[in-house]
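1. what follows is a protein structure lacking sequence information:
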């Protein structure tokens with residue numbers, strides 16, 4: 001669904017899937033390597049389960065598994081990062097930040113911790129710090145949801161009025177997240193605000209096509225108003241009227257509809 005450029009899944013970016021079951025008991029051998037490998041596998045499985053439970057909103061079960069993981073490995077960056085999610089959910093921002101920072105300190109290359117921490121910082125209004133974490137995370141070319149990282153980076157840059165940088169980040173998000181409406185809308189909107197209507201129109205056309213093809217996706221007030229502004233620039237009266245009708249009928253109380261009314265009143 002095309003939505004306003006706000007993080008709605010702040011700490012659920014690319015959650016790991018629920019594991020089907022834990023490995024068996026840690027084997028006892030004379031090999032230290034084998035013992036450590038088994039312990040790491042158990043820790044990873046506990047974190048996978050905990051992350052899945054966080055995604056389901058079952059914080060108690062998640063904490064149970066993370067406690068087990070941290071008992072086995074107190075400095076586990078994966079467990080510490082996931083614990084930060086729990087602290088934040090429970091309204092403990094200081095503990096959440098401490099946990100995220102410990103995770104990054106334990107392993108600066110653990111990108112997921114930076115993504116979680118960046119989202120946390122953004123939610124706290126600390127946009128410069130969030131930008132720095134997302135920027136660091138974006139350098140990991142192996143991260144599985146890199147498109148979302150660039151999208152989040154673009155949002156932080158927008159809030160800091162680094163518009164040109166935000167456009168660059170949104171373009172990368174579009175390239176990496178084909179079919180994702182969020183970066184398409186964000187990029188279209190920012191380009192309109194910069195007066196680059198030709199480029200905005202191309203991305204908006206892709207957004208409209210994605211929405212038309214997916215019955216689960218609908219226009220938001222923001223996407224409709226962005227389309228209206230593009231249509232007005234190109235003097236496409238039919239397109240403007242169609243989008244304006246949707247905006248009025250579907251989002252009559254929205255800020256965007258109020259903006260549209262001001263827009264047309266200026267023509268009169």
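-> Okay, I see it. Values in this document were obtained by computation on a predicted structure and should not be read as measured data. Numbers count the residues shown, from 1 in each chain.
2. tell me how the chain divides into domains.
-> With domains defined by the TED database, the chain comprises 39-108, 125-177.
3. and the lengthiest helix in the chain, what's buried?
-> Identified as the longest helix of the chain according to DSSP state H is helix 32-56. Within helix 32-56, the residues scored as buried using 16 or more other CB atoms under 10 Å are 38, 42-55. C-beta coordinates here come from the backbone N, C-alpha and C atoms, glycine included.
4. ok, so of the residues you listed, who is nearest residue 235?
-> Minimum separation from residue 235 among the buried residues of helix 32-56 (CB to CB) is found for residue 55, which lies at 46.8 Å.
5. contact partners for the residue lying closest to residue 70 once chain neighbours are set aside?
-> Nearest non-adjacent residue to residue 70, counting by CB to CB, 6 or more residues apart in numbering: residue 79, 5.0 Å away. If you count contacts by CB atoms under 8 Å, 6 or more residues apart in numbering, residue 79 has them with 43, 46, 47, 50, 66, 69, 70, 73.
6. in which helix or strand does residue 79 reside?
-> helix 77-89 (DSSP states H and E).
7. and the helix or strand just after that helix, what's buried?
-> Where DSSP H and E defines the elements, the next helix or strand beyond helix 77-89 is helix 93-106. For helix 93-106, the neighbour count (16+ other CB under 10 Å) marks 96, 97, 99, 100, 102, 103, 104, 106 as buried.
8. mind putting these into JSON lines with distance to residue 181 and pLDDT?
-> Shown next, in JSON lines, are those (distance: CB to CB, whole Å; pLDDT from 0 to 100):
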{"residue": "96", "distance to residue 181": "29", "pLDDT": "98"}
{"residue": "97", "distance to residue 181": "31", "pLDDT": "98"}
{"residue": "99", "distance to residue 181": "32", "pLDDT": "98"}
{"residue": "100", "distance to residue 181": "29", "pLDDT": "98"}
{"residue": "102", "distance to residue 181": "35", "pLDDT": "98"}
{"residue": "103", "distance to residue 181": "31", "pLDDT": "98"}
{"residue": "104", "distance to residue 181": "31", "pLDDT": "98"}
{"residue": "106", "distance to residue 181": "36", "pLDDT": "97"}
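9. from those, which two are the most distant?
-> Top of the distance list for the buried residues of helix 93-106 (CB to CB): 96 and 106, 15.9 Å.
10. where does residue 178 land in three-state SS?
-> coil (DSSP: H, G, I helix; E, B strand; the rest coil).
11. what is the burial count for residue 158?
-> 22 (other CB atoms under 10 Å).
12. one step back: and the longest helix of the chain, how far out from the chain's middle?
-> Chain-centre distance of helix 32-56: 24 Å, with CA atoms, centre = their mean, to the nearest Å.
13. angle of that helix against helix 77-89?
-> 20 degrees (axes from the mean of the first three to the mean of the last three CA atoms, to 10 degrees).
14. helix 32-56 packs against which elements?
-> helix 59-72, helix 77-89 (3 or more CB pairs under 8 Å, 6 or more residues apart in numbering; DSSP states H and E).
15. highest mean neighbour count out of those?
-> helix 77-89 (a mean of 24; mean count of other CB atoms under 10 Å).
16. so residue 192 touches residue 230, yeah?
-> Yes: between residue 192 and residue 230 there is a contact under CB atoms under 8 Å: 6.3 Å.
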